[in-house]
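In: no letters, just coordinates:
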DNA sequence: GCCCATTGAATGACCGTTCATTCAATATAA
DNA sequence: TTATATTGAATGAACGGTCATTCAATGGGC
């Protein structure tokens, strides 16, 4: 009976195909094929394509948050914490381009819309980024501009997302020094 | 025989449905229905769904660039020109949310990937934003950080895109003062 | 009466999902 | 130990539904 963990073969195949071709470019038959199983087998592990997609999202999100929290020190100055999180995030994206592409696909789809709505309505037991607290604190300490959280978020994240996409598309080579310069520039955008 | 310009009825219906539901949530039959024509009629004006989609993109891009260039004065200081373009762009997005959503759908799809590839390879006769020149000049005058054009682009555009999405989703109300504060913060990100 | 824009039912391709069937591995009986 | 029964993971052909596209029929304008 073939490979020991078909489940992760399936998840891996789904990640690769969906990241590269989008949800509609990833028929179950194709995922099954790449995973080396039959189409029906996927349904032994996942109730539906929908559930496979959401599960995969949760797995990636978990890994990302773990990477972010590693070495994160709550007692350091705001600026340093921001730089830490930013560089971590950008480095994670660069190291895991498929994860990034998958998350983009997810967010730019009905799944992402539902997620956002849930988060906004605070129905979310969803694991949150450490950012909101950091911004709130920074504003209170008058280190960060007094702008709505959503705006600060956009100023900090927007560039990372755009830039990661450019990196993956090969328009630029994001090495460590450039990542640090970029995150520093993001800080200039939000700092007072 | 019904309305004088079925073509623009079709384009309008396609814009609305695709912007709100994505390409796969916009069957030709549904577009036809909303436009008040039969499915077959669309093919009198557009060879295929593909071509309809690309044409619609070009129309929107044209309107956007026009809005950007309006009142744009090449002889003003770099900073003011940047603020002008930024606020114009953000205001255009806020005033035309369907256009913004459509462009997002387009960019996050195989169409967008093809477009980017084309632009990068400079095969493009495609109309360009006035940004590259502005950044180049700013760097030369030592007003803007000495970072690759792609990075500056991300620092300036990333926040606008993220924020527009949040505005459209209702997470924040982007009025004129807030738009100006935001663009000013973007400037802080790229200025020396 | 002729032309041509318009119509919408029909076509064929594609896709997610189902389920009857297979068969290697394991348990049970002798 | 050997023969037999049971299990359930895995399979993949088949189903039902959706969708872009086609084209023969229609009817309004000249």
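Out: That came in fine, so what should we check first? These numbers were taken from a predicted model, which means no experiment stands behind them.
In: flag the shaky bits of chain A, pLDDT-wise.
Out: Where chain A drops to pLDDT under 70, the residues are A:1-4, A:122-128.
In: how about the helices of it, start to end?
Out: Assigned by DSSP state H, chain A shows helices spanning A:6-21, A:28-35, A:39-45, A:49-69, A:78-95, A:97-107, A:110-120, A:131-140, A:149-168, A:176-190.
In: in stretch A:56-64, which residues are buried?
Out: By 16 or more other CB atoms under 10 Å in any protein chain shown, the buried positions in stretch A:56-64 come out as A:56-57, A:60-61, A:64. C-beta coordinates here come from the backbone N, C-alpha and C atoms, glycine included.
In: hmm, who's touching it?
Out: A:11, A:14-15, A:18, A:89, A:92, A:96, A:99, A:102-103, A:106, A:111, A:127 (CB atoms under 8 Å, 6 or more residues apart in numbering or on different chains).
In: hmm, that stretch in reach of DNA strand C?
Out: No: remark: stretch A:56-64 sits outside contact range of DNA strand C, by CB under 7 Å from any atom of the strand, the gap being at least 13.4 Å.
In: for stretch A:132-144, which positions count as buried?
Out: So, applying 16+ other CB under 10 Å, buried residues of stretch A:132-144: A:134-135, A:138-139, A:144.
In: let me know whether that stretch sits next to chain B.
Out: No: if you take CB under 8 Å from any CB of the partner chain as the test, stretch A:132-144 misses chain B, and the best it gets is 10.4 Å.
In: just the residues contacting that stretch, thanks.
Out: A:78-79, A:81-82, A:85, A:145-146, A:149, A:152-153, A:190-192.
In: if we go to 7 Å?
Out: With CB atoms under 7 Å, 6 or more residues apart in numbering or on different chains as the test, stretch A:132-144 has contacts from A:78-79, A:81-82, A:146, A:149, A:152, A:190-192.
In: need the residues of chain A near DNA strand D, please.
Out: A:1-2, A:6, A:37-41, A:43-45.
In: how close does residue A:53 sit to chain B?
Out: 14 Å (CB to the nearest CB, to the nearest Å).
In: pretty sure residue A:185 sits against residue B:145.
Out: Yes: Residue A:185 lies in contact with residue B:145 (CB atoms under 7 Å); the separation is 6.2 Å.
In: need the residues touching each of the two.
Out: Common neighbours of residue A:185 and residue B:145 (CB under 7 Å, 6+ apart) are residue B:190.
In: buried subset of the contacts of stretch A:56-64?
Out: Those of the contacts of stretch A:56-64 that meet the buried threshold are A:11, A:14-15, A:18, A:89, A:92, A:96, A:99, A:102-103, A:106, A:111, by 16+ other CB under 10 Å.
In: farthest pair within those residues?
Out: A:14 and A:89 (23.4 Å; CB to CB).
In: find the nearest non-adjacent residue to residue A:81, please.
Out: Spatially, and ignoring its direct neighbours in sequence, residue A:81 is nearest to residue A:134 (5.9 Å; CB to CB, 6 or more residues apart in numbering or on different chains).
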